[in-house]
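Asker: Provided below are the primary sequence and the corresponding predicted coordinates.
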Amino acid sequence: MSNPGYIKWTRMLELMQSTDRNGKPVTFDIEFVKLSDGSIREYKDCHLTSRYSSGGTVNIRPAGLNSPRKIRICTIVTFNKKKVYF
């Protein structure tokens with residue numbers, strides 16, 4: 001799928017793990033489905049703190065929060081305003 005409005009989940013993970021010229025993690029925006037109630041949550045200016053491939057989760061620290069949030073990769077629906085597909 002080469003539509004500019006979409007991003008493959010593996011490419012999304014590559015971008016999440018990338019760093020800028022100074023070695024600092026890049027920031028990104030995501031939307032994901034909250035499993036407890038099905039609502040869509042949005043985090044802006046996040047950066048990846050860790051990734052767990054065995055559990056299929058990422059730890060994301062949104063701007064303004066001190067502790068990271070654990071998010072299942074399969075619940076992420078948009079990454080930098082692009083729809084995520086598997």
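Answerer: Everything's here; your move.

Asker: What's opposite residue 41 in the beta bridge?
Answerer: For residue 41, the beta-bridge partners are residue 32 (DSSP bridges).

Asker: And it, what's its pLDDT?
Answerer: Residue 41 carries a pLDDT value of 97.

Asker: So what's the predicted local confidence for the residue lying farthest from the centre of the chain?
Answerer: Centroid-distance maximum for the chain: residue 22 at 21.1 Å, with C-alpha atoms, centre = their mean. Note on residue 22: pLDDT of 96.

Asker: For it, give me its contacts.
Answerer: Counting by C-beta atoms under 8 Å, 6 or more residues apart in numbering, residue 22 touches no other residue. To be clear about C-beta, it is placed using only N, CA and C from the backbone, and glycine gets the same treatment.

Asker: Same question for it, what's its three-state structure.
Answerer: coil (DSSP: H, G, I helix; E, B strand; the rest coil).

Asker: so what's the backbone phi/psi at it?
Answerer: Reported as degrees, to the nearest 10, the phi and psi values for residue 22 are phi -90, psi 0.

Asker: ok, now how distant is it from residue 29?
Answerer: Separation of residue 22 from residue 29 (C-beta to C-beta, to the nearest Å): 21 Å.

Asker: and the residue farthest from the centre of the chain, how far is that from residue 48?
Answerer: Taking C-beta to C-beta, one finds residue 22 at 16 Å from residue 48.

Asker: What's the local residue count around the residue nearest to residue 25 when sequence neighbours are not counted?
Answerer: Take residue 25 and drop its neighbours on the chain: the residue closest to it by C-beta to C-beta, 6 or more residues apart in numbering is residue 47, 4.0 Å away. A count of nearby residues for residue 47, using other C-beta atoms under 10 Å, gives 17.

Asker: ok, back up a step: where does the residue farthest from the centre of the chain sit relative to residue 82, distance-wise?
Answerer: Taken as C-beta to C-beta, the span from residue 22 to residue 82 is 25 Å.

Asker: Could you do residue 12 as well?
Answerer: 8 Å.

Asker: out of the two, which sits in the busier spot?
Answerer: The residue with more neighbours, out of residue 12 and residue 82, is residue 12; 21 against 16, by other C-beta under 10 Å.
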